[in-house]
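Colleague: prediction below, plus the sequence it came from.
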Amino acid sequence: MIPLQQAADSIAESAKQLAAGLAPDVTLADEVNNPQWLTTRTFALLAVILVTLSIATLIAVVMSRRENLSAEAAMLQRFQHKLRVWWMMTAILVIGFLLHFVGTVLLFGLVSFWALREFITMTPTRRGDHRTLFWVFFVFLPLQYLLVLFGSSPPHWLFGDRHIDFYGLYSIFIPVYASLFIPARIALSGDSKRFLERSAIIQAGLLICVYSLSYAPALLDLDLRRTDGSAWVGSNLTLLIFMVLIAQLASVLERVWSRLAGRHLLAEKINASRTWEGLFGSMVTTGLIAATLYWATPFMPWEAGVMGAMVTVMAIAGTLTMSAIKRDRGVTDTGTLVQGHAGMLDQIDNVCFAAPVFYHLTRFFYT
């Protein structure tokens with residue numbers, strides 16, 4: 001568990017070490033004493049990501065200097081844009097991680113706000129929805145992340161010695177309370193035109209961009225154990241990085257397999273590039289990569305592989321769902337995150353769908 005007081009103490013201790021010119025000691029002994037945050041496994045996983053991105057960037061630079069690109073030019077340009085997004089996302093995540101538990105939850109809250117803004121911008125709303133949207137953006141969204149922040153160890157200065165696990169509340173806060181409030185508040189506006197459509201749009205945006213994504217930082221609050229019942233000596237932050245990394249890899253590998261061996265489209269009228277061969281190929285390769293990274297998780301190698309395959313299915317489901325929404329609205333991208341590339345929601349749709357399933361499977365089998 002990660003109490004807010006412990007997070008504050010950890011930040012203060014790190015500041016003292018930096019002020020003294022000392023790097024935090026991240027030996028295995030420290031993992032036993034403080035298994036909640038930065039450990040040797042965390043740095044090792046981050047190093048894997050940085051080395052992989054560096055190699056990919058070098059390959060892109062070498063390929064861009066070739067004279068005969070022809071049909072590969074558009075693909076290379078898209079790959080370069082994707083690399084810029086990954087570098088930016090990695091930098092933002094690292095900054096959030098350096099701010100510890102509170103900073104990480106705040107980071108994902110800001111990402112949710114950005115993604116929800118893009119979702120609402122590309123969908124039709126009416127004047128009568130504005131006050132409802134105010135509640136969605138400035139009440140339900142921050143409250144969801146505040147409940148995740150409290151988790152199973154809320155601050156003593158606020159709740160005293162009472163033991164409260166806020167999982168029971170943040171797991172139903174949006175699906176129940178917000179879903180009931182939204183149509184009621186729209187009805188109070190007195191505008192009944194396309195009432196069901198407008199209610200469903202706001203509810204779907206809140207569910208995908210806020211509720212589902214909030215389960216990513218919620219992983220930091222789990223008291224993890226291995227399947228044999230022994231306590232896991234490691235960092236929950238490493239598990240969060242693992243999940244995000246696998247979700248991003250799944251989408252990339254699905255595109256690669258679809259281009260190499262794709263024959264049968266998943267949904268031709270929704271997305272003309274996603275294939276069954278790409279899905280199964282990505283499940284296998286992503287599962288194998290996840291299995292090799294099992295050391296960053298409480299999973300055994302085969303368990304990590306199964307979780308990787310599951311994340312792949314949910315990641316592709318998220319991408320396909322967002323493609324259907326964009327096709328319905330007649331847009332190609334949800335926004336502009338980096339020049340020449342898609343918006344924030346296009347980058348995290350895979351994580352939005354994978355996070356709640358990954359969280360609940362991990363909570364059920366490994367706590």
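Modeller: Great, that's in hand. A quick note: this is a predicted structure, and the numbers were derived from the prediction, not measured.
Colleague: tell me which residues are up against stretch 256-273.
Modeller: Stretch 256-273 is touched from outside by 255, 274-282, 285, 316, 319-320, 323-324, 327, with contacts defined as CB atoms under 8 Å, 6 or more residues apart in numbering. C-beta here means a position set from N, CA and C on the backbone, and glycine is covered the same way.
Colleague: 7 Å instead, please
Modeller: With CB atoms under 7 Å, 6 or more residues apart in numbering as the test, stretch 256-273 has contacts from Arg274, Thr275, Trp276, Glu277, Gly278, Leu279, Gly281, Ser282, Leu320, Ser323, Ala324, Arg327.
Colleague: ok, stretch 296-314 next?
Modeller: Defining contact as CB under 7 Å, 6+ apart, one finds that stretch 296-314 is touched by 41, 45, 224-227, 232, 234, 238-239, 242-243, 246-247, 250, 282-283, 286-291, 293-294, 353-354, 357-358, 361, 366.
Colleague: with stretch 183-198 instead?
Modeller: Contacts to stretch 183-198, defined as CB under 7 Å, 6+ apart, come from residues Thr125, Arg126, Gly128, Asp129, Arg131, Thr132, Trp135, Ser199.
Colleague: just these now: which is nearest Gly96?
Modeller: Comparing the contacts of stretch 183-198 against Gly96 with CB to CB picks out Trp135 as the nearest, at 26.3 Å.
Colleague: ok, now how distant is that closest one from Arg198?
Modeller: Distance, Trp135 to Arg198, using CB to CB, to the nearest Å: 14 Å.
Colleague: show me which of those two is the more surrounded one.
Modeller: Regarding Trp135 and Arg198, a neighbour count based on other CB atoms under 10 Å identifies Arg198 as having more, with 23 against 15.
Colleague: and the next element down the chain from the longest strand along the chain?
Modeller: Within the chain, and with DSSP state E defining each element, the longest strand by residue count is strand 271-275. Sequence-wise, the next helix or strand beyond strand 271-275 is helix 276-292, with elements assigned using DSSP states H and E.
Colleague: okay, buried residues for the longest helix along the chain please.
Modeller: When the chain is scanned for its longest helix (criterion: DSSP state H), the result is helix 301-329. Neighbour counts using 16 or more other CB atoms under 10 Å place 303-323, 325-326 of helix 301-329 among the buried residues.
Colleague: for stretch 170-178, same thing?
Modeller: Counting neighbours by 16+ other CB under 10 Å, one finds that the buried residues in stretch 170-178 are Tyr170, Ser171, Phe173, Ile174, Ala178.
Colleague: any idea of the pLDDT on the fourth one?
Modeller: The model reports Ile174 with a pLDDT of 96.
Colleague: residue contacts, it?
Modeller: Counting by CB under 7 Å, 6+ apart, Ile174 touches Phe140, Gln144, Leu206, Leu207, Val210, Tyr211.
Colleague: that one: what secondary structure?
Modeller: What DSSP: H, G, I helix; E, B strand; the rest coil gives for Ile174 is helix.
Colleague: show me the domain layout of this structure.
Modeller: According to automatic domain parsing, the chain is divided into the following domains: 112-221, 232-367.
Colleague: weakest of these in terms of mean pLDDT?
Modeller: domain 232-367 (a mean of 88).
Colleague: strands of the stretch 151-300 of the chain, start to end?
Modeller: With DSSP state E, counting those that start in this stretch applied, the stretch 151-300 of the chain shows strands at 265-267, 271-275, listed in chain order.
Colleague: can you list the ones you listed in a markdown table and add distance to Lys193 and mean neighbour count?
Modeller: Shown next, in a markdown table, are those (distance: least, CB to CB, whole Å; neighbours: other CB atoms under 10 Å):
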| stretch | distance to Lys193 | mean neighbour count |
| --- | --- | --- |
| strand 265-267 | 30 | 17 |
| strand 271-275 | 31 | 17 |
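Colleague: out of those, nearest to Asp349?
Modeller: Using CB to CB as the criterion, the shortest distance between Asp349 and the strands of the stretch 151-300 of the chain is 12.0 Å, found for strand 271-275.
Colleague: quick one, that closest one and helix 276-292 angle?
Modeller: Here strand 271-275 runs at 50 degrees with respect to helix 276-292, directions being taken by axes from the mean of the first three to the mean of the last three CA atoms, to 10 degrees.
Colleague: return the list of strands paired to strand 271-275, each annotated with direction.
Modeller: Each strand paired with strand 271-275, and its direction, by DSSP bridges: strand 265-267 (antiparallel).
Colleague: coming back round to it: and after the longest helix of the chain, which helix or strand comes next?
Modeller: Next along from helix 301-329, by DSSP H and E: helix 344-366.
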